[in-house]
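Asker: Pasting the sequence and the predicted model now:
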Amino acid sequence: MTSFSALSHLECPRCGATHDADQIIGLCPCGSPLLARYDLPSVTVTPASLADRAPNLWRYHELLPVRSPDNVVTLGEGMTPLLPLPRYGAELGVDRLLMKDEGLIPTGTFKARGAAVGVSRAYEVGVRKIAMPTNGNAGSAWAAYAARAGMEALIAMPIAAPEICRREVTVVGGRLQLIDGLIGDAAAYVREQPGYFDASTLKEPYRIEGKKTMGLEIAEQLNWELPDVIVYPTGGGVGIIGIWKGLLELRELGWISGPLPRLVAVQSTGCAPIVRAWEKGLPESEPWPDAKTIAFGITVPKALGDFLVLQAIAETDGCAVAVDDEDILAEQHKVARMEGSFICPEGAANFAAIRTLRESGWIRADDQVVALNTGAGLKYPETVPLPS
Ligand SMILES: *Cc1c(COP(=O)(O)O)cnc(C)c1O
Ligand SMILES: [Zn+2]
């Protein structure tokens, strides 16, 4: 009999050390994020038998770290639509363009995936108080799932973060700390809070497990045939690393075969540390000074997992691209007018990148391309001018 979770241990992708997963743990002592590893040969569920499971991310529970179904904290996240964009795709010159719409998820962004799995697993290993720095959306999601779990959440957010995220944290009873600075300053504040588990991006090993379900769902929704390209707006990079990790696990299970999709990391020219490192051929990024973009979810001047993002794009023959805020807004409005979908600026950044990559020939006319719209445009009302 297979267990609910096939989690076996935690592994350091930098120094190779392994750690017991059933303890409260953050980074590897070497400073690197830790990755969850599974006993994949013990997994007996098949793609066909998955079909009967509920349409949320917990359908992949063997490949998730929560050991007991009793500890699952859920608001119904996952199995978001994978929508064809025929009219807009034709205009871009990519006929087989698909958008995975993460706007249709609790709290309005894909951050709910990381929060659902991260909070559930934290609860399971005994954490009752979490603290995290955030540009906004992660704080909204973690505060909501913490409330659902009956846990305390302390959310530190730059003053410039969107007001809606402050309100979301407040309504679910999270403790909100505004920080006069950027996300790095919020992180410094969180490090000084005694008694709280630091749930910063990649400082705990499990939110990436939630985010990898985007990759699992794309594979399942395409009937286990992979697209040619997956395009992702990259901040901390957890989503793109997660998709890569999830697809590698599916390949090891034998559920998919052949080359993985070319992964594209998209950033704004106002904050593009990973793109710069990619262009210079560096293994890690350098902190980006004066980071600023309308796509605040990807305003991360230095990501802890940058080396893993660079590895993911290198090993899949992908690339990294930076786009201007002006182009982001133009594509956001085009998608809305041509397809009826109000996407977030981070999601729109993908389409600006796809346009550039199609023009350069890096994306071919017959490539099947999946773009992640990471959140709902509804959370960004200021991106739409009112008619005068
Ligand atoms: C956080 C966020 C991102 C970036 O996600 P990472 O996985 O940290 O790279 C992209 N879009 C939105 C809307 C976000 O909130
Ligand atoms: Zn290590």
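Answerer: Alright, I've got the coordinates. Ligands and ions are numbered 1, 2, ... in the order given.
Asker: rest of the way, CA atoms for contacts and neighbours
Answerer: OK.
Asker: mind checking the SS state of the spatially closest residue to residue 30 that is not a sequence neighbour?
Answerer: Computed as CA to CA, 6 or more residues apart in numbering, the closest residue to residue 30 that is not its neighbour in sequence is residue 15, at 7.1 Å. Using DSSP: H, G, I helix; E, B strand; the rest coil, the secondary structure recorded for residue 15 is coil.
Asker: From here on, call the first residue 848.
Answerer: Happy to do that; since the first residue is 848 now, the last one works out to residue 862.
Asker: if I look at residue 862, how far off is residue 874?
Answerer: In this structure, residue 862 and residue 874 are separated by 12 Å, where distance is defined by CA to CA, to the nearest Å.
Asker: Mind checking which of those two has more residues around it?
Answerer: In terms of neighbours (other CA atoms under 10 Å), residue 874 is the more surrounded of residue 862 and residue 874; the figures are 15 against 12.
Asker: can you tell me which residues contact residue 1150?
Answerer: Residues in contact with residue 1150, defined by CA atoms under 8 Å, 6 or more residues apart in numbering, are 1082-1084, 1132.
Asker: contacts with ligand 1 among those residues, please.
Answerer: Checking the contacts of residue 1150 against ligand 1 by CA under 6 Å from any ligand atom, the ones in range are 1082-1084.
Asker: list the buried ones in stretch 934-947?
Answerer: 935-936, 939-947 (16 or more other CA atoms under 10 Å).
Asker: now swap in stretch 1187-1196 and tell me
Answerer: Judged by neighbour count using 16+ other CA under 10 Å, the buried positions of stretch 1187-1196 are 1188-1196.
Asker: is stretch 1093-1107 up against ligand 1 anywhere?
Answerer: No: using CA under 6 Å from any ligand atom as the criterion, no contacts between stretch 1093-1107 and ligand 1 are found, and the smallest distance is 13.7 Å.
Asker: Not counting its neighbours along the chain, what's nearest the residue nearest the centre of the chain?
Answerer: The residue lying closest to the centre of the chain (CA atoms, centre = their mean) is residue 1086, at 2.8 Å. Spatial nearest neighbour of residue 1086, chain neighbours left out: residue 1058 (5.4 Å); criterion: CA to CA, 6+ apart.
Asker: Could you give the number of residues near the residue nearest to residue 923 when sequence neighbours are not counted?
Answerer: If the residues on either side of it in the chain are set aside, residue 923 comes closest to residue 903, at 6.1 Å by CA to CA, 6+ apart. Neighbour count of residue 903, defined by other CA under 10 Å: 17.
Asker: Could you pull up the contacting residues of residue 903?
Answerer: Taking CA under 8 Å, 6+ apart as the criterion, residue 903 is in contact with 923-926.
Asker: One more: residue 940?
Answerer: Here residue 940 is in contact with 1205, 1212 (criterion: CA under 8 Å, 6+ apart).
Asker: pLDDT at it, what is it?
Answerer: Reading off the confidence values, residue 940 has pLDDT 98.
Asker: and the residue of the stretch 848-997 of the chain found nearest ligand 1, what is it in contact with?
Answerer: Among the residues of the stretch 848-997 of the chain, residue 984 lies closest to ligand 1, at 4.8 Å counting by CA to the nearest ligand atom. Taking CA under 8 Å, 6+ apart, we find residue 984 in contact with 954, 956, 958, 1012, 1144.
Asker: Flag the least confident of the residues you listed.
Answerer: Confidence-wise, residue 1144 trails the rest of those, at 90.
Asker: So for it, what's the nearest residue that isn't a sequence neighbour?
Answerer: Sequence neighbours aside, residue 982 is the residue nearest to residue 1144 in space, at 6.1 Å (criterion: CA to CA, 6+ apart).
Asker: The one you found falls within a helix, correct?
Answerer: No: Residue 982 sits outside any helix when classified using three-state DSSP, being coil.
Asker: in the stretch 898-1047 of the chain, which spans are helices?
Answerer: 933-939, 958-971, 984-996, 1010-1018, 1030-1038 (DSSP state H, counting those that start in this stretch).
Asker: closest to residue 1070 out of those?
Answerer: Shortest distance between residue 1070 and those, using CA to CA, is found for helix 933-939: 19.8 Å.
Asker: quick one: contacts of that closest one?
Answerer: The list of residues contacting helix 933-939 from outside it, by CA under 8 Å, 6+ apart, reads 942-944, 1181-1182, 1185-1186, 1201-1202, 1205.
Asker: how about a cut-off of 6 Å?
Answerer: With CA atoms under 6 Å, 6 or more residues apart in numbering as the contact definition, helix 933-939 has outside contacts at 942, 944, 1185.
Asker: and which of those is nearest residue 1235?
Answerer: Distance to residue 1235 across the contacts of helix 933-939 (CA to CA) is lowest for residue 1185, with 21.9 Å.
Asker: That closest one: which element?
Answerer: With secondary structure defined by DSSP states H and E, residue 1185 is part of helix 1172-1186.
Asker: Who are the packing partners of whichever helix or strand comes after that helix?
Answerer: Per DSSP H and E, the first helix or strand lying C-terminal to helix 1172-1186 is helix 1192-1206. Taking 3 or more CA pairs under 6 Å, 6 or more residues apart in numbering; DSSP states H and E as the contact definition, the neighbouring helices and strands of helix 1192-1206 are helix 1172-1186.
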